[in-house]
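Novice: How does the following fold in three dimensions:
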Amino acid sequence: MNDIIKSIEDAQLKENVPEFNVGDTVKVYGRIKEGNRERIQVFEGTVLKKQGGSTRATFTVRKSSNGVGVEKTWPLHSPNVERVEVIRKGKVRRAKLNYLRDRVGKRAKVKELVK
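Specialist: Residues are numbered from 1 along each chain as shown. Prediction:
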């Protein structure tokens, strides 16, 4: 039974998954369906966390919109996620950046990783 589920999940995986980590600033191009029309909306923000594996992998992106923090969790292998574009790499020392929720303004920024 487990082999059947694994084969179905492997068929749903995307081939070209972008390489990004927690702390990176990304643009997520998501498909939105409104009635009978479909369009692509861009959501740009900082990756707070990545979790799960295989087809269940998700990532959470946070941005500030009109002074209000907005978080959105996206399934990594979803057909509704058109693509994920990395804007800049962040320098962080944690796997989950939940502390950014309490911060606003400059304190909510993540330093850029310079190689």
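Novice: Pick out the residue closest to the middle of this structure.
Specialist: F59 (4.1 Å; C-alpha atoms, centre = their mean).
Novice: Show me what the helix or strand hosting it is packed up against.
Specialist: Secondary structure assigned from DSSP states H and E places F59 in strand 58-65. If you count contacts as 3 or more C-beta pairs under 8 Å, 6 or more residues apart in numbering; DSSP states H and E, strand 58-65 packs onto strand 37-51, strand 68-75. Every residue, glycine included, has its C-beta placed from N, CA and C.
Novice: how about it: buried residues?
Specialist: Of the residues in strand 58-65, 59-62 count as buried by neighbour count, 16 or more other C-beta atoms under 10 Å.
Novice: and that strand, C-alpha only, in CSV?
Specialist: Extracted as CSV, the C-alpha positions of strand 58-65 are listed here (Å, rounded to 0.1, in the frame of the first residue of the first chain):
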residue,chain,number,x,y,z
THR,A,58,5.5,24.1,2.3
PHE,A,59,7.1,27.5,2.8
THR,A,60,5.7,30.6,4.5
VAL,A,61,6.4,34.1,3.2
ARG,A,62,5.8,37.3,5.2
LYS,A,63,5.5,40.8,3.9
SER,A,64,4.3,44.1,5.3
SER,A,65,1.3,45.6,3.4
